[in-house]
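Visitor: Just a sequence and a predicted model for now, questions to come.
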Amino acid sequence: MPSRRELRRCAVVGVAVATALGAGALAWSSTLLGEYSVMDMGGEHSSHAGHGVSAAASDPGARQVDVTALEADPDRPADVRVELVARQERIEVPGGRPVDGYTVNGTSPGPELRARQGELVEVEFVNESVADGATLHWHGIDVPNAADGVAGITQDAVPVGGRHVYRFVAEDAGTYWYHSHQVSHEQVEGGLLGAIVIEPMDAADAAASAATEFVALLHVYGGQHTLNGRAQDEHVAAAPGTPVRVRVVNTDQGTAAVWSATPFRVLAIDGHEVDAPTEVDGRRVLIPAGGRADVAIPAPAAREAVRLHVGGARSVLIGDPDASAPPAPQPDETLDPLAYGEPAPLEFDPAASDRSFEYVIARRPGIIDGRPGNFWTINGRMFPDVPMFQVSEGDVVTMRVRNDSGDVHPMHLHGHHVVVLSRDGVASSGSPWIVDSLDVRPGESYELAFVADNPGIWSDHCHTLAHAVDGLVAHLMYEGVTTPFTINGAAGNLPE
Ligand code: C2O
Ligand code: CU
């Protein structure tokens, strides 16, 4: 309960802001959320353009499917089975000081999971002591909706003492990560996360991708920049001349830079292989919050090491484990994935789109649940009155994301990979740039496309989680899909 003094302070702030706004104050919305279903967000579903709602959606007798039924084949036995136990506890940070946070199987990051493409992964999640409840979301993996792990949409938060089973087929090879999607701005920052790598099915591909590979997971624990949970650099031993694949995972709240004095290649972005990647020399690679980049760097001659800077404060040293390499200044020039690698045909034709949506980000003062603030808006509307992007299975969807705010927003759509068609009107000219996490900088406008091939209700939000909790969240909803779960109700679901 807020104290009376806090309440009075809120009221005073409210008046002050309203006065400052003058007539604009009339545009204020003061929202009391209470318990709600994401299906009711946006009120009238008026935002779909072009093709109207299909007959099935308006016909009350039409088939409705519950999110919990959108699952992997329940009769198929699992190929990979893991138990992950979450705890709220003190985390040791080697090389730094301990912080209060969250662990998975006793550490943060939790264990690095591995599966081969095509395998069925089954994770039994146990919440031993996370007081607010917790879930696991599989960031970047196009899992069936029932396994998406979003509290209040695809499941209830798992209470202390509870368990929940996630099952999905690891269809796309690549570098991904998992994290809680309950009070995520706290639990992700606090370390309830880990990496998951899906290895290519084809052994030749796997061998060709690199002789040695290494996951470099970036996270900031209480202001300490870490690499795989340690406030230290990492050493990777590799034979001279062999390529080393470093899978950089940015689990932070902001963009991470990767660079080296030694030329390297970007093999994959957000798990998707780049076609014909060329050498990156004198440029840095920027990874949005939530995003990944796999880079290949050749190991140097005997008794030497090369340094790959990851995330500004840490490095991976590759080569002779006893050797070092001097730090290199961060280049000013940035690799532009819009024009990197060779073009290749897409699996669908974005020009034949069935739906097109706008996602315009700005901000405006208001009050949500008695909390005054300068909140994010989507298409001029404030959470939860934001657009619901409604699609039918099989639709080709285009979406224009425009950032009219002063901050960068790493936009993340669950359950789908989106291809970047253009930025500020400049068409993509390199390898198909396929992402699940995309930095949209102030003033930028991106045109994206994807196929609605994974029925469900999917979050589409900013991965700077402090922005998400302040309302930078919308949803993609397939016609005929419903959820029995609610946010802010008795189950205590607070996905952001
Ligand atoms: Cu990585 Cu909605 O999350
Ligand atoms: Cu943001």
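Guide: Cool, got the structure. Ligands and ions are numbered 1, 2, ... in the order given.
Visitor: Every contact and neighbour count from this point should use C-alpha atoms.
Guide: Will do.
Visitor: Quick check: closest non-adjacent residue to residue 260.
Guide: residue 308 (4.8 Å; C-alpha to C-alpha, 6 or more residues apart in numbering).
Visitor: same question, residue 353
Guide: residue 396 (4.7 Å).
Visitor: Now do the same contact list for the one you found.
Guide: Residue 396 is in contact with 348-350, 352-355, 449-452, counting by C-alpha atoms under 8 Å, 6 or more residues apart in numbering.
Visitor: do that again at 10 Å, thanks
Guide: 348-356, 449-453 (C-alpha atoms under 10 Å, 6 or more residues apart in numbering).
Visitor: Likewise for residue 277?
Guide: Contacts of residue 277 by C-alpha under 10 Å, 6+ apart are 264-268, 295, 340-342, 430-431.
Visitor: Buried residues of stretch 479-496, list them for me.
Guide: Residues 479-483, 485-487, 491-496 are the ones in stretch 479-496 that count as buried (16 or more other C-alpha atoms under 10 Å).
Visitor: Need the CA coordinates for it. PDB is fine.
Guide: Written as PDB, here are the backbone C-alpha positions of stretch 479-496 (Å, rounded to 0.1, in the frame of the first residue of the first chain):
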ATOM      1  CA  GLU A 479      -8.100 -14.800 -35.400                       C
ATOM      2  CA  GLY A 480      -9.800 -17.600 -33.500                       C
ATOM      3  CA  VAL A 481      -7.200 -17.800 -30.800                       C
ATOM      4  CA  THR A 482      -8.200 -17.100 -27.200                       C
ATOM      5  CA  THR A 483      -6.400 -17.000 -23.900                       C
ATOM      6  CA  PRO A 484      -7.900 -18.000 -20.500                       C
ATOM      7  CA  PHE A 485      -5.100 -16.100 -18.700                       C
ATOM      8  CA  THR A 486      -5.300 -12.600 -17.400                       C
ATOM      9  CA  ILE A 487      -2.900  -9.900 -16.200                       C
ATOM     10  CA  ASN A 488      -3.100  -8.300 -12.800                       C
ATOM     11  CA  GLY A 489      -5.600 -10.900 -11.500                       C
ATOM     12  CA  ALA A 490      -5.400 -13.500  -8.700                       C
ATOM     13  CA  ALA A 491      -2.600 -15.400 -10.500                       C
ATOM     14  CA  GLY A 492      -0.400 -12.300 -10.100                       C
ATOM     15  CA  ASN A 493       0.600 -12.300 -13.800                       C
ATOM     16  CA  LEU A 494       2.700  -9.300 -14.600                       C
ATOM     17  CA  PRO A 495       4.500 -10.200 -17.900                       C
ATOM     18  CA  GLU A 496       6.600  -7.000 -18.100                       C
END
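Visitor: Quick one: mean pLDDT for that stretch?
Guide: Average pLDDT, stretch 479-496: 95.
Visitor: circling back: using the three-state scheme, assign the residue nearest to residue 260.
Guide: strand (DSSP: H, G, I helix; E, B strand; the rest coil).
Visitor: quick one: it and residue 261 touch, right?
Guide: Yes - contact criterion C-alpha atoms under 10 Å: residue 308 and residue 261 qualify, at 7.9 Å.
Visitor: The two: which has the busier surroundings?
Guide: Per other C-alpha atoms under 10 Å, whichever of residue 308 and residue 261 has more neighbours is residue 308, with 26 against 20.
Visitor: what pairs with that one across the strands?
Guide: Note on residue 308: beta-bridge partners residue 260, residue 316, judged by DSSP bridges.
Visitor: Centre-most residue in the protein?
Guide: Closest to where the C-alpha atoms of the chain average out (C-alpha atoms, centre = their mean) is residue 290, at 4.2 Å.
Visitor: And the pLDDT at that residue?
Guide: With respect to pLDDT, residue 290 has a value of 98.
Visitor: measure it to residue 91 for me?
Guide: Distance, residue 290 to residue 91, using C-alpha to C-alpha, to the nearest Å: 21 Å.
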